[in-house]
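# this one's sequence-less:
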């Protein structure tokens with residue numbers, strides 16, 4: 001509900017009456033929740049980013065102000081099928097308006113969409129930035145709050161986290177690579193506890209950067225990687241942007257191979273299916289000759305990654321596809337089975353179908369109409385940018401907020417969840433016809 005006061009401000013309150021079907025069946029008012037939507041941050045323009053609903057009515061509204069009230073109707077499972085009707089009343093002082101409401105309760109449950117559905121998020125807890133381990137997690141992303149976040153995702157049907165900037169505690173001691181990732185440990189445990197099927201997608205960039213830093217350190221010291229203790233920690237990792245060079249040394253690929261072998265030994269049998277990326281969002285920066293370190297990272301390390309984990313565990317996120325972009329379809333070129341593209345062409349779709357690869361959609365937008373586009377593509381998974389991404393220098397991407405009092409959804413997430421539910425309705429079209 002969008003509410004705007006046209007003459008004077010005041011206290012605004014909305015109430016629900018029962019919804020009835022004419023045969024004595026009712027959906028009682030206590031099943032109807034009204035929540036005003038607030039910004040997580042102050043914004044100078046209206047849009048629907050970072051808007052979180054809070055159940056705290058009645059509300060104060062200023063003259064000329066527009067605000068939204070998210071309305072959620074919980075239909076008890078015992079409710080008979082039928083058409084239900086009722087009235088919501090909205091009042092501001094002595095002024096009031098009645099809003100007629102109709103609700104159709106179906107005779108059978110709507111099937112849930114059977115596909116990976118999730119968002120990109122930081123692969124670390126909130127922390128102080130150090131070296132290449134830059135903090136992108138909001139203050140509420142802590143070990144104490146992670147379970148609340150998992151439960152909120154589970155309740156909305158999200159099942160497939162996509163971790164970027166995965167920060168490992170890692171070192172090489174006497175040639176042995178030792179690593180542990182506390183955030184990943186906790187997330188895997190909670191996904192298993194709450195039966196969140198995954199897959200869990202992992203961005204391996206920072207392990208390749210660490211491998212690069214180790215290779216440079218050993219080249220300078222002349223030590224053999226079989227017996228070295230170079231003293232390089234995870235935050236000491238180096239990208240090409242850090243070194244100002246245009247390619248990784250061959251030794252970095254061999255260190256990365258050993259690093260991934262250690263990773264697979266530690267996490268390969270964790271009970272949650274894992275998919276791996278050597279880089280993320282590669283591709284389109286090559287237009288007009290722009291040098292893209294992400295593309296070089298993919299070309300250098302993806303063959304090594306595929307060799308260690310198996311190509312059947314490799315996913316590609318590529319932005320180079322789409323009309324107007326002279327992009328390379330690396331998924332088709334390299335035989336990647338999971339192709340998560342921001343945009344698709346008919347040619348790329350045909351190649352994916354020819355290869356038996358899965359068509360995935362990346363960053364299609366937090367919106368309800370996404371269902372129609374997923375159907376148009378024949379997409380098997382959808383991951384959106386982003387949740388819990390907190391970057392003061394670049395922007396905030398949040399569709400959930402969590403603290404000790406509980407967890408909040410957002411307008412963007414609720415709309416997208418409705419879109420995913422629409423996929424279930426579409427499955428029923430044939431039998432309705």
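Sure thing, it's come through. Computed from a prediction, not measured in an experiment: that's the story for all the values here.

# what number of residues lie near residue 191?
Residues lying near residue 191 (other Cβ atoms under 10 Å) number 22. No exception for glycine: its C-beta is placed from N, CA and C like everyone else's.

# for residue 275, helix, strand, or coil?
For residue 275, the assignment made with DSSP: H, G, I helix; E, B strand; the rest coil gives strand.

# Show me what it bridges to in the sheet.
On the basis of DSSP bridges, residue 275 is bridged to residue 201.

# which regions of this structure lie under the pLDDT threshold?
40-50, 55-56, 283-291, 322-326 (pLDDT under 70).

# centroid residue for it?
Nearest to the mean C-alpha position of the chain, by Cα atoms, centre = their mean, lies residue 119 at 0.7 Å.

# mind listing what that residue touches?
158, 161, 162, 383, 384, 385, 386, 387, 399 (Cβ atoms under 8 Å, 6 or more residues apart in numbering).

# List phi and psi for residue 85.
phi -140, psi 150 (degrees, to the nearest 10).

# Strands of the stretch 201-350 of the chain, start to end?
274-277, 315-318, 338-341 (DSSP state E, counting those that start in this stretch).

# Can you tell me which of those strands is nearest to residue 254?
Distance to residue 254, taken as Cβ to Cβ, is lowest for strand 274-277 among the strands of the stretch 201-350 of the chain, at 18.0 Å.

# What lies in contact with that closest one?
Applying Cβ under 8 Å, 6+ apart, the contact partners of strand 274-277 are 198-205, 267-268, 305, 309, 313-317, 338.

# from the middle of its chain, how far away would it be?
15 Å (Cα atoms, centre = their mean, to the nearest Å).

# How about stretch 3-18?
For stretch 3-18 - counting by Cα atoms, centre = their mean - the centre lies 35 Å from the chain centre.

# before we move on, what about stretch 24-34?
Centre to centre, stretch against its chain (Cα atoms, centre = their mean), the figure for stretch 24-34 is 33 Å.

# quick one on the thing from earlier: counting neighbours, which of the contacts of residue 119 comes out on top?
Tallying neighbours with other Cβ under 10 Å puts residue 399 at the head of the contacts of residue 119, with 30 neighbours.

# Break down the chain into its helices, ranges please.
Per DSSP state H, the chain carries helices over the ranges 146-155, 182-193, 205-221, 240-243, 250-267, 293-309, 330-334, 346-355, 370-377, 411-427, 429-432.

# To residue 172, which of those lies closest?
helix 205-221 (6.1 Å).

# between that closest one and helix 293-309, how big is the angle?
If you take axes from the mean of the first three to the mean of the last three Cα atoms, to 10 degrees, helix 205-221 sits at 90 degrees to helix 293-309.

# Which residues are in contact with residue 426?
Contacts of residue 426 (Cβ under 8 Å, 6+ apart): 371, 375.
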